[in-house]
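Enquirer: for reference, the sequence and a predicted model appear below.
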Amino acid sequence: MPLRTIPFGDGQVPTLGQGTWFMGEDPDERAREVRSLQLGLDLGMTLIDTAEMYADGGAEEVVGEALKGRRDSCFLVSKAYPQNAGRRSAIEACERSLKRIGTDHLDLYLLHWRGGIPLSETVEAFEQLRRQGKIRRWGVSNLDTDDMKELFAVPGGQACATDQVLYNLTRRGIEWDLLPWCRDKGTPVMAYSPIEQGRIPAKGALQSIADRLNATPFQVALAWVLAQEGVIAIPKASDPDHVKANRAAADLDLTPQDLAALDKAFPPPKGPRPLEML
């Protein structure tokens, strides 16, 4: 079954991509990480998310190796440190990322989290990168609703393509305000750590649903994220079997009864919560 896609700017991206946080840290794992990313591409998980922060650029180098000869098949995302989001520093940071990956452009470039540089200056820098062809689109990560409203009030800020945030069954705070706001604006949300880095309690409703579907609790938790409107999930997997398991999760069919059981086990927010980060 082909992966479901979601409108993204002037095109479409799969709702299930690949994250790279913690890749590039162990040289002995590099070959397996490269194989895992390539397998994910083969299985249709063509969105790959990385960042200059991950392993101090090492994850970008792993991505570059995985994309040799197949860059055109990938929707490539990277992120800039907040201190590298200024008029000059963003240009220089992006160029360093491009060099590490071995490509001439990113499909999406994100501000990793908000720092002291004004959003207006970051938008100006990102728009310059877009005009230069070094990035196709830009967005943000770890910005809460008030930050997004401020961003959209900045000249050019409404060009923001996404907000990448922590979202999973145990971290549902964005459902109160941020996720509805993004949906209203037509801005997709990227969910990082969609299974809480394997820490979601694998028991109760999760286990019961998994048993019925002949799946694992973590696959059910990932399928739940993928079932949310306007959300893209980017789990990290550095093992080929884990990659296959993530891909299979996209084919799970959660019933309304399943979703109700998960709501009972992992209740949605009853009021506003500060944006959570990892």
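Expert: Thanks, I have the structure now. Numbers count the residues shown, from 1 in each chain.

Enquirer: check the offset of stretch 172-182 from the chain's centre.
Expert: Taking the mean C-alpha point of stretch 172-182 and that of its whole chain, the gap between them comes to 16 Å (C-alpha atoms, centre = their mean, to the nearest Å).

Enquirer: got it, and stretch 159-176?
Expert: For stretch 159-176, the distance to the chain centre is 10 Å (C-alpha atoms, centre = their mean).

Enquirer: any idea of the mean pLDDT for it?
Expert: Rounded to a whole number, the mean pLDDT of stretch 159-176 is 98.

Enquirer: okay, buried residues for that stretch please.
Expert: Going by neighbour count (16 or more other C-beta atoms under 10 Å), the buried part of stretch 159-176 is 160-169, 171-174, 176. To be clear about C-beta, it is placed using only N, CA and C from the backbone, and glycine gets the same treatment.

Enquirer: SS state for Asn246?
Expert: Going by DSSP: H, G, I helix; E, B strand; the rest coil, the secondary structure assigned to Asn246 is helix.

Enquirer: report the contact partners of it.
Expert: The contact partners of Asn246, taken as C-beta atoms under 8 Å, 6 or more residues apart in numbering, are Leu16, Gly40, Met45, Gln219, Leu222, Pro235, Ala237.

Enquirer: element containing Glu194?
Expert: Not Glu; residue 194 is Pro. Taking DSSP states H and E as the definition, one finds Pro194 inside no helix or strand.

Enquirer: likewise Ala210?
Expert: Residue-wise, Ala210 maps onto helix 204-213 under DSSP H and E.

Enquirer: what of Phe126?
Expert: Secondary-structure element containing Phe126, defined by DSSP H and E: helix 119-131.

Enquirer: gap between the residue lying closest to Arg137 once chain neighbours are set aside and Glu175?
Expert: If you skip the residues right next to it in sequence, Arg137 has Ala161 as its closest partner in space, 4.3 Å away by C-beta to C-beta, 6 or more residues apart in numbering. Distance check for Ala161 against Glu175: by C-beta to C-beta, to the nearest Å, it reads 21 Å.

Enquirer: thinking again about what came up before, and the contacts of Asn246, which is closest to Tyr81?
Expert: For Tyr81, the nearest member of those is Pro235. The distance, counting by C-beta to C-beta, is 22.9 Å.

Enquirer: quick one on the thing from earlier: what mean pLDDT does whichever helix or strand comes after the helix holding Ala210 get?
Expert: Read in the C-terminal direction, the helix or strand following helix 204-213 is helix 217-226, with elements assigned using DSSP H and E. Helix 217-226 comes out with an average pLDDT of 97.

Enquirer: check which helices and strands the helix or strand that helix 217-226 is followed by sits against.
Expert: On the C-terminal side of helix 217-226, the nearest following helix or strand under DSSP H and E is strand 231-233. Using 3 or more C-beta pairs under 8 Å, 6 or more residues apart in numbering; DSSP states H and E, the elements in contact with strand 231-233 are strand 189-192, helix 217-226.

Enquirer: the shortest one pairs with which strands, parallel or anti?
Expert: Partners of strand 189-192 in the sheet, by DSSP bridges, are strand 163-166 (parallel), strand 231-233 (parallel).

Enquirer: which two in the contacts of Asn246 are spaced the farthest apart?
Expert: Spanning the widest gap among the contacts of Asn246 are Gly40 and Gln219, at 15.3 Å by C-beta to C-beta.
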